[in-house]
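Enquirer: next come a sequence and a model predicted from it.
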Amino acid sequence: MDRPLHILFLPRWYPNKYDPMLGLFVRRHAEAAANLNKISVVFAFPSEEKMHKTFSTAITDEGNLYTVNVLYKKSPKKNSIAKLINLFRFFYALHIGMAKVNDARGKADLIHVHILTRLALVALWMKKIHGTPYLITEHWSRYLPTRNEFGGILRKSLSRLVVKNAELVTTVTKNLALAMQKHGLRNEHYVILPNVVDMDLFLPEKRISSGKIRMIHISCFEDRSKNISGLLRVLSKLTEIRSDIECVLIGEGMDQKMLTDYAHTLGLYEPFLRFTGLLEGKKLAETLASGDFLLLFSNYENMPVVILEAFACGLPVIATEVGGIPEMVKPENGLLVKAADEYAMLQAILEMAEKHQDYNHLKIRQSVEDQYSKKAVGELLTTWYHKILKLS
């Protein structure tokens, strides 16, 4: 086949006007795949504002990446009928978006579902009716034992059905793949799909020494998973030991005010501790690269892209050994501690403060470029697409 393949992405999470960070890792997979293929994305999401119409469509055409965002009116009620109405509107919004793609770009050769389960049902329907094959990429950590939030007889049954009928199932870590299989989500072809790092954006930066060792933390400020409150307690103890360290916390989220107030309760203020709020693009990359190392104290994770971005900047990382993190953080690029072990985290920070300059920063960056760049991931995805369609 001489023409580029037309791949339809159906993501459960994707950046949108309400949350530009939601599913950003899916967007990066789409961008990587678009280097060698024609990618169309259909994303349906409920409105957080009053709508005069039930559905509203916005289209973005970026050459090989064509995105249809379909906003639908969400019923504010909480009863069963409202849930059914919202479910119907979700599926109909997908229908609208897929029709737009079909009119503009023709039939897709393959459907790439991101995050179970509803969207995979659409893909299964398309396979049965039109013969369009599909693959699934799962990012959700709900299957992990630390969360154990994958329940319900109907959800499990439907998930097992769509996984069984997929041509390929990909996860971003081996840990997540094993957790899914333990829930009975079986498929003959499980493979690992790395997250994508923008190597042109996240670059090493030569710091002008301020006499301070700078730690960087980046997250969505949701304390249940990220355990920022625990990190703040560690930092409070750190101030009693060293005065030459500063910490920059980047991000925003549901617990931001609570955590800011808690930091002040612990006596943590600038210049030792600085909250920047949400940073994006070049500003995020520059701030990350200005640090000496990255710090994460999560209770559970899957594959934090921010760790890869830190590696791209040549920074070592301290993180908890949860989810897929131990698959990424090794002695040559960082330190691991047990989740919720505040004493171990304090000791790791003190150790890293002494040895962060001893890491091979160029080697840390190179390890990411070989596996996680847009080029590498785009080529990997294209290989899988061709194998599924029996073109290679």
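Expert: Nice, thanks for sending it over.
Enquirer: how many neighbours does residue 61 have?
Expert: By the criterion of other Cβ atoms under 10 Å, residue 61 has 11 neighbours. C-beta here means a position set from N, CA and C on the backbone, and glycine is covered the same way.
Enquirer: same question but for residue 288, I mixed them up
Expert: When neighbours are defined as other Cβ under 10 Å, residue 288 has 24 of them.
Enquirer: tell me what the helix or strand of the chain with the lowest mean pLDDT is packed against?
Expert: In the chain, the helix or strand scored least confidently by mean pLDDT, DSSP states H and E is helix 361-372, which has a mean of 91. Counting contacts by 3 or more Cβ pairs under 8 Å, 6 or more residues apart in numbering; DSSP states H and E, helix 361-372 packs against helix 305-312.
Enquirer: and the angle from the helix it packs on to helix 361-372?
Expert: 130 degrees (axes from the mean of the first three to the mean of the last three Cα atoms, to 10 degrees).
Enquirer: and the pLDDT at the residue nearest in space to the middle of the chain?
Expert: Closest residue to the average C-alpha location of the chain: residue 25 at 4.3 Å, with Cα atoms, centre = their mean. You'll see residue 25 listed with a pLDDT of 92.
Enquirer: so what's it up against?
Expert: Applying Cβ atoms under 8 Å, 6 or more residues apart in numbering to residue 25 gives the contacts 139, 172, 195, 196, 305.
Enquirer: which strands and helices lie in contact with the following helix or strand past the least confident helix or strand of the chain?
Expert: Going down the chain from helix 361-372, the next helix or strand is helix 374-388, by DSSP states H and E. Where contact means 3+ Cβ pairs under 8 Å, 6+ apart, helix 374-388 is packed against helix 24-33, strand 168-171.
Enquirer: export those to CSV and tack on distance to residue 221?
Expert: Shown next, in CSV, are the helices and strands packed on helix 374-388 (distance: least, Cβ to Cβ, whole Å):
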stretch, distance to residue 221
helix 24-33, 15
strand 168-171, 25
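Enquirer: pLDDT of the helix of greatest length in the chain, averaged?
Expert: Identified as the longest helix of the chain according to DSSP state H is helix 80-105. Helix 80-105 shows an average pLDDT of 96 in the prediction.
Enquirer: same question, stretch 252-269
Expert: The predicted model gives stretch 252-269 an average pLDDT of 95.
Enquirer: show me what counts as buried in it.
Expert: Under the neighbour-count criterion of 16 or more other Cβ atoms under 10 Å, stretch 252-269 has 252, 253, 255, 256, 259, 260, 262, 263, 266, 268 buried.
Enquirer: is residue 246 in a bridge, and if so with what?
Expert: residue 214 (DSSP bridges).
Enquirer: number of residues surrounding it?
Expert: The number of residues near residue 246, taken as other Cβ under 10 Å, comes to 19.
Enquirer: measure the residue nearest to the centre of the chain to residue 166 for me?
Expert: Per Cβ to Cβ, to the nearest Å, residue 25 is found 20 Å from residue 166.
Enquirer: then residue 82?
Expert: Look at residue 82 and residue 166: by Cβ to Cβ, they are 31 Å apart.
Enquirer: which one of the two is surrounded by more residues?
Expert: Of the pair residue 82 and residue 166, residue 166 is the one with more neighbours under other Cβ under 10 Å, namely 26 against 13.
Enquirer: let me know the secondary structure of that one.
Expert: Assigned state for residue 166: coil (three-state reduction, DSSP: H, G, I helix; E, B strand; the rest coil).
Enquirer: residue contacts, it?
Expert: The neighbourhood of residue 166, defined by Cβ under 8 Å, 6+ apart, consists of 113, 120, 123, 134, 135, 136, 187.
Enquirer: using the three-state scheme, assign the first one.
Expert: Going back to what we said before, that points to residue 113. What three-state DSSP gives for residue 113 is strand.
Enquirer: ok, it touching residue 139?
Expert: No: counting by Cβ atoms under 8 Å, residue 113 sits too far from residue 139 to count as a contact (11.1 Å).
Enquirer: counting neighbours, go ahead and name the busier of those two.
Expert: residue 113 (26 against 23).
Enquirer: okay, angle between the least confident helix or strand of the chain and helix 374-388 too, please.
Expert: 20 degrees.
Enquirer: need the contact partners of helix 361-372.
Expert: So helix 361-372 is in contact with 194-197, 199, 204, 308, 311-316, 332-333, 376, going by Cβ under 8 Å, 6+ apart.
Enquirer: nearest to residue 86 among the residues you listed?
Expert: Closest approach to residue 86 among these (Cβ to Cβ): residue 195, at 30.2 Å.
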